[in-house]
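Undergrad: Could you look at this predicted model? Sequence included:
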Amino acid sequence: MAHRQPRDDLFVSICFADPEGEAEACASELAKLANRLAERFRYWEILLAVPAEAGQLYSDLARTVPNLRLLKLRAGTPHYRRRVVVASEAIGDMVVVASLSELATIDPLAVLELSSESDAIVIGRIGRTHALSHVLRALGRSAGFRVDPRDMQTAAYPRTLANILLAHPDRTLAMRFPPDDGAIPVRWITVPGRHMRRNGRVRGFARRLGLIYKLLIASAPRVLAGLAILSLLVMLASGAYCVYAVVVWLSFSEVQPGWFTTSIMAGMTTGFLGTATFALAIGVQRLLDLAAADISEDIVDEVAAVDLYSRAMQELNVEYSGIGAPAPQGERKPTE
């Protein structure tokens, strides 16, 4: 059987943002992964983000694991922010953000190959359900993200899509759960069985609470839109109530003492509060719109029949007999 040559058309970056366990265990897992990468690809790198205070414990990895880049992060950097940092430092055409605890469950190279072939984001997904699935999905939709607690930490991103996610206003969530956008294709690989986590129940529960909190914050634009509509309705209702109070005062000869004054004051106060809330809501929405992505990113794809290179080759009277090799001058044909 002929030896398979490594692919040289891709630069692959495998990123790890959660070095759980001892450095010796990480070295063993990363060494195996490095050997597999060397067999499949000519150009590749492994990025490992570790806390700065524990950097000395992992310093030997840079000498034992080839093509390893060790990133020392500030102490207390949140988990989702670590994913963004390590992905932004990757320079490959394909970026895989994986987890060391998931290497035994899902193959990052299989995720990478599928993402390269389909030109889409590929995310691992476990088969079991979760108690907070419906709540997180609803919050994710309100925030504009495809949130599913079954999604694993391992995901592959083509460079173009990775750049879009890294430029997202809420990139910490976008690099974990892709935005609910038709311009960003996403595929999932379902892993059978139950995925075992090493981070413990307390840490996992705290991470889920943090996710719910971030989703509530990310849903602010839609909450503001609903608040603006509600404030507008309150303004109209308070104005109608003030008109009603004036009509009653003018139409009836006997009105309860103090009723007209109380009604007008209540209607004007409610109208003022509704107007102020409406103005604040639309003002904050305007600021969010100004901070949104540039309009050039609205172009999803382009189909054209323009071939500038062939025309330039004809005008320059240049032929190539091979890749990067000019043809002999005797074989060149004059331009008509």
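TA: Done, it's in. Residues are numbered from 1 along each chain as shown.

Undergrad: where along the stretch 101-250 of the chain do the strands fall?
TA: 121-126, 151-158, 186-191 (DSSP state E, counting those that start in this stretch).

Undergrad: Show me the one of those that comes nearest residue 43.
TA: strand 151-158 (15.6 Å; CB to CB). Placement of C-beta: from N, CA and C, glycine included.

Undergrad: the inter-axis angle of the closest one versus strand 121-126?
TA: Put simply, strand 151-158 runs at 160 degrees to strand 121-126, going by axes from the mean of the first three to the mean of the last three CA atoms, to 10 degrees.

Undergrad: for strand 151-158, packing partners?
TA: With contacts defined as 3 or more CB pairs under 8 Å, 6 or more residues apart in numbering; DSSP states H and E, strand 151-158 has these neighbours: strand 94-98, helix 108-118, strand 121-126.

Undergrad: Out of the ones you listed, which one sits most buried?
TA: strand 94-98 (a mean of 26; mean count of other CB atoms under 10 Å).

Undergrad: Might you calculate how far it sits from the centre of the chain?
TA: With CA atoms, centre = their mean, to the nearest Å as the basis, strand 94-98 stands 13 Å off its chain's centre.

Undergrad: Between strand 151-158 and that strand, find me the angle.
TA: Using the same axes, to 10 degrees, strand 94-98 lies at 170 degrees relative to strand 151-158.

Undergrad: Disregarding residues adjacent in the polypeptide, which is nearest to residue 99?
TA: Distances taken as CB to CB, 6 or more residues apart in numbering place residue 153 nearest to residue 99, at 3.8 Å, with adjacent residues excluded.

Undergrad: Report the contact partners of the one you found.
TA: By CB atoms under 8 Å, 6 or more residues apart in numbering, the contact list for residue 153 reads 18, 97-99, 101-102, 124.

Undergrad: Any idea which residue is closest to the centre of the protein?
TA: What sits nearest the mean C-alpha location of the chain, by CA atoms, centre = their mean, is residue 174, with 1.7 Å.

Undergrad: Could you list which residues are in contact with that residue?
TA: In this structure, residue 174 makes contact with 145, 165-166, 168, judged by CB under 8 Å, 6+ apart.

Undergrad: by contact count, what packs against the strand or helix carrying residue 83?
TA: Assessed by DSSP states H and E, residue 83 sits inside helix 79-89. Applying 3+ CB pairs under 8 Å, 6+ apart, we find helix 79-89 packed against strand 7-16, strand 41-51, strand 68-73, strand 94-98, helix 159-166, helix 171-174.
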